[in-house]
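need a 3D model of the following:
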Amino acid sequence: MQGNPTLLNEIYTELYITESESGEINNEHEVRQIETQFRRTATEDTPIKCNDMFRLLPGQDKLIRTVLTKGVAGIGKTVSVQKFILDWAEGKENQDVQLIFPLPFRELNLLREKKLSLSGLLHIFFPETKEMKISSDKYEVLFIFDGLDECRMSLDFKSKVKLCNISESVTVDVLLMNLIVGNLLPSALIWITSRPAAADLIPSECVHRVTEVRGFNEPQKEEYFRKRISDQSLATRIISHLKSSRSLYIMCHIPVFCWISAAVLEQMLSQAESGEIPKTLTQMYSHFLILQTNIKHEKDYEKKVKDEDMILKLGKLAFQQLVKGNLIFYDEDLRECGIDVTEASVYSGLCTQIFREELGLYQGKVFCFVHLSLQEHLAALYAHLSFTVNNISVFDRTKRSLFKFFNQNKCNLLCELHQRAVNEALQSKNGHLDLFLRFFLGLSVESNQTLLQKLLTQTRSCSNNKAKTVQYIKQKIRENCSAEKSINLFHCLNELGDDSRLSEIWRNKKNQTLLFTVVSSGLCVADIRAEDGCF
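Residues are numbered from 1 along each chain as shown. Modelled structure (predicted):
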């Protein structure tokens with residue numbers, strides 16, 4: 001993250017990592033996965049430390065060449081890789097490895113049109129290797145491919161192109177495939193990280209160990225905030241506030257969300273007149289957006305770029321790329337949204353912690369939001385403003401089948417658009433619109449609109465019939481949707497400020513098992529009491 005650099009060893013909090021029994025792929029929305037993990041017990045897991053990725057655990061005897069590490073966006077996969085490399089470089093761990101080559105997919109994408117040999121590829125990223133002859137016979141080598149989900153190349157593991165010579169030139173995708181399969185440098189170690197939905201790109205027979213970064217467990221959450229906040233009494237207040245909101249506390253499994261919460265709450269709770277403390281996700285992210293924009297104003301920065309113009313452009317980028325499933329963007333993606341690539345650093349200066357430009361080992365520009373949830377929030381803000389300010393439904397503009405439901409009729413009322421958004425989210429098999437829906441609904445609440453008026457002069461109160469949206473969601477909960485979908489709809493009610501009791505919503509509902517699942521998720525939407533007659 002940009003800003004004042006901090007030594008990794010000073011702030012690093014151990015992450016909870018487990019060894020998976022299988023390479024089973026979970027395509028659910030990542031927040032939904034976090035909530036599922038929140039309810040699991042530690043006895044179901046086999047914990048493993050970051051530095052033990054290639055070490056055999058007790059009872060294991062099969063050598064490990066290739067490790068696939070899964071984890072949702074922002075959970076700590078890249079930080080785990082960095083900690084592994086740092087401990088190795090400082091001579092603390094894995095000293096049997098002589099050379100480590102970190103090759104992030106987001107940077108390899110920049111070379112996807114080129115033909116290169118393995119030696120040539122390494123010379124680009126690591127010029128000092130020109131004087132070395134890299135071979136598995138001479139060195140113990142580890143290749144780290146971070147961010148498989150960001151790969152924009154076609155990795156065809158059924159290809160019959162076999163490459164064994166490190167000096168032979170082929171396209172980068174063929175090169176990577178042969179390295180992972182083991183045709184090229186068969187004794188080299190391979191470590192691949194990926195978000196869960198993309199992990200199945202690697203055939204299971206090519207992977208010897210599957211691990212999962214689960215983020216922070218309960219003690220690690222508190223440890224993070226106490227390391228991050230020097231004032232321990234303030235840290236205690238922040239932890240207490242987060243625990244009072246179950247939906248926020250569940251999200252604290254994700255280190256990036258802890259960082260966002262710490263930034264917002266540290267400022268607000270240390271001020272005498274801080275205003276209403278965020279209790280919902282939408283409130284937290286809206287405060288964070290304002291906080292980072294205010295930081296921009298404190299810097300020597302060109303005034304010609306207006307905040308709301310940039311937020312709308314970033315929002316458009318966020319929405320378009322969310323539809324495509326992309327977390328990283330390149331020059332052409334920015335140009336499509338009217339963002340001048342030559343001024344990218346100025347644009348990212350608007351919210352330096354939200355949108356960043358990276359110059360990697362290979363000197364090409366890569367752009368990304370710090371976390372998927374920030375992208376989803378900005379995408380929802382763009383969708384909300386497009387309708388309330390310009391009476392335009394962004395969903396009508398997309399040609400992708402993802403939003404085909406929205407194309408049937410133009411929404412005349414925001415509540416109608418909300419109802420259609422709810423339907424589309426319910427139709428999604430993997431819940432990939434769940435968090436977007438929470439933000440989209442939450443932004444219609446008057447308090448959030450008032451909050452954003454500090455940032456966006458065009459924001460105006462919309463004639464949204466919240467009661468209709470609430471009743472529509474309750475109706476959907478009463479219908480036979482899955483436990484996961486019901487849980488997200490309860491979160492949506494929470495974002496809308498509804499305080500209905502479960503008994504009211506679930507009156508005459510027969511599926512008590514589903515009800516128990518929702519209650520056990522820890523939701524604070526309702527006043528859950530025995531006299532409600534839910535059980």
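
contacts, neighbours, all on C-alpha from now
Fine.

where does the prediction get shaky in the stretch 251-400 of the chain?
Scanning the stretch 251-400 of the chain for pLDDT under 70 picks out 272-274, 295-305, 341-364, 397-400.

where do the strands sit along it?
Under the criterion DSSP state E, counting those that start in this stretch, the stretch 251-400 of the chain contains strands at 328-329, 355-359, 365-369.

tell me the strands beside the shortest one, with direction?
Yep, that's strand 328-329 we're talking about. Applying DSSP bridges to the sheet, strand 328-329 is found paired with strand 365-369 (antiparallel).

can I get the CA coordinates of the partner strand in CSV?
What follows is strand 365-369, C-alpha atoms only, in CSV (Å, rounded to 0.1, in the frame of the first residue of the first chain):
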residue,chain,number,x,y,z
LYS,A,365,2.2,-0.2,-15.4
VAL,A,366,-0.5,-2.2,-13.7
PHE,A,367,-3.5,-0.7,-11.9
CYS,A,368,-5.7,-2.1,-9.2
PHE,A,369,-7.9,-1.3,-6.3
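
flag every buried residue along it.
Within strand 365-369, the residues that count as buried by 16 or more other CA atoms under 10 Å are K365, V366, F367, C368, F369.

quick one: contacts for the residue nearest to D173 when sequence neighbours are not counted?
Excluding the flanking residues, the one nearest D173 by CA to CA, 6 or more residues apart in numbering is L155, at 5.6 Å. Residues in contact with L155 (CA atoms under 8 Å, 6 or more residues apart in numbering) are D173, V174, L176, M177, L201.

OK, contacts around the third one?
Listed by CA under 8 Å, 6+ apart, the contact partners of L176 are L155.

against L148, how distant is it?
Computed as CA to CA, to the nearest Å, the L176 to L148 distance reads 11 Å.

any idea how far L103 is from F125?
F125 is 8 Å from L103, by CA to CA.

swap in R195?
R195 sits 16 Å away from L103, going by CA to CA.

if you count what's nearby, which of the two comes out ahead?
Set side by side, R195 and L103 show more neighbours around R195, with 24 against 20, by other CA atoms under 10 Å.

where's the residue nearest to D173, which helix or strand?
Counting by DSSP states H and E, no helix or strand carries L155.

quick one: it and L121, what's the gap?
Between L155 and L121 the computed distance is 17 Å (CA to CA).

may I have stretch 152-163 as PDB, with CA atoms only?
Extracted C-alpha coordinates of stretch 152-163, given in PDB (Å, rounded to 0.1, in the frame of the first residue of the first chain):
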ATOM      1  CA  ARG A 152      -4.900 -12.900 -18.600                       C
ATOM      2  CA  MET A 153      -3.200 -15.700 -20.600                       C
ATOM      3  CA  SER A 154      -4.700 -19.000 -21.700                       C
ATOM      4  CA  LEU A 155      -2.900 -21.700 -19.700                       C
ATOM      5  CA  ASP A 156      -3.600 -24.800 -21.800                       C
ATOM      6  CA  PHE A 157      -2.500 -27.800 -19.800                       C
ATOM      7  CA  LYS A 158      -3.800 -30.200 -22.600                       C
ATOM      8  CA  SER A 159      -1.300 -28.700 -25.000                       C
ATOM      9  CA  LYS A 160       1.100 -31.200 -26.600                       C
ATOM     10  CA  VAL A 161       3.900 -28.600 -26.800                       C
ATOM     11  CA  LYS A 162       6.600 -30.000 -24.600                       C
ATOM     12  CA  LEU A 163       9.500 -27.700 -23.600                       C
END
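
in it, what counts as buried?
Within stretch 152-163, the residues scored as buried using 16+ other CA under 10 Å are R152, M153, L155, F157, L163.

residues contacting the fourth one?
When you say that, I think you mean F157. F157 touches M177, V181, I202, P203, counting by CA under 8 Å, 6+ apart.

any of these buried? List them.
Buried subset of the contacts of F157 (neighbour count, 16+ other CA under 10 Å): M177, V181, I202.

could I get the residues you listed as JSON lines with secondary structure?
Output for the buried ones among the contacts of F157, formatted as JSON lines (DSSP: H, G, I helix; E, B strand; the rest coil):
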{"residue": "M177", "secondary structure": "helix"}
{"residue": "V181", "secondary structure": "helix"}
{"residue": "I202", "secondary structure": "coil"}
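
which one of those is nearest Y472?
Closest approach to Y472 among the buried ones among the contacts of F157 (CA to CA): I202, at 41.7 Å.

quick one: F101 is in a strand?
Yes. Assessed with three-state DSSP, F101 lies in a strand.

didn't it look like it was pressed against I134?
No. Contact between F101 and I134 fails when scored by CA atoms under 8 Å: they sit 11.2 Å apart.

more crowded one of those two?
Neighbours per residue (other CA under 10 Å) separate F101 from I134, with I134 holding more: 18 against 15.

quick one: contacts for the more buried one?
S119.

for it, give me the pLDDT.
Model confidence at I134, given as pLDDT, is 74.

list the helices and strands the host helix or strand of I85 packs on?
For I85, the host element (DSSP H and E) is helix 77-89. Packed against helix 77-89, as judged by 3 or more CA pairs under 8 Å, 6 or more residues apart in numbering; DSSP states H and E, are the following elements: strand 189-194.

between helix 77-89 and the strand it packs on, find me the angle.
If you take axes from the mean of the first three to the mean of the last three CA atoms, to 10 degrees, strand 189-194 sits at 150 degrees to helix 77-89.

for T13, which non-adjacent residue is closest in space?
Closest to T13 by CA to CA, 6+ apart is Y224, at 6.1 Å.

then D333?
Using CA to CA, 6+ apart and skipping the chain neighbours, the partner closest in space to D333 is L317 (7.5 Å).

give me the neighbour count for that neighbour.
L317 has 23 neighbours, counted by other CA under 10 Å.

now L381
L381 has 27 neighbours, counted by other CA under 10 Å.

isn't it up against L443?
Yes. Counting by CA under 8 Å, L381 touches L443, with 7.1 Å between them.

what sits up against stretch 57-68?
Contacts for stretch 57-68 (CA under 8 Å, 6+ apart): 53-56, 180, 187-194, 199, 206-211.

kindly recompute the last result at 10 Å.
19-20, 23, 46-48, 53-56, 142-146, 148, 180-182, 186-194, 199, 202, 204, 206-212 (CA atoms under 10 Å, 6 or more residues apart in numbering).

just to revisit the earlier point, need the residues touching each of L381 and L443.
In contact with both L381 and L443: T282, S286, L452, using CA under 10 Å, 6+ apart.

nearest the middle, which residue of the chain would you pick?
Nearest to the geometric centre of the chain sits A73, at 3.0 Å (CA atoms, centre = their mean).

so that one lies in a strand, does it not?
No. Going by three-state DSSP, the assignment for A73 is coil, not a strand.
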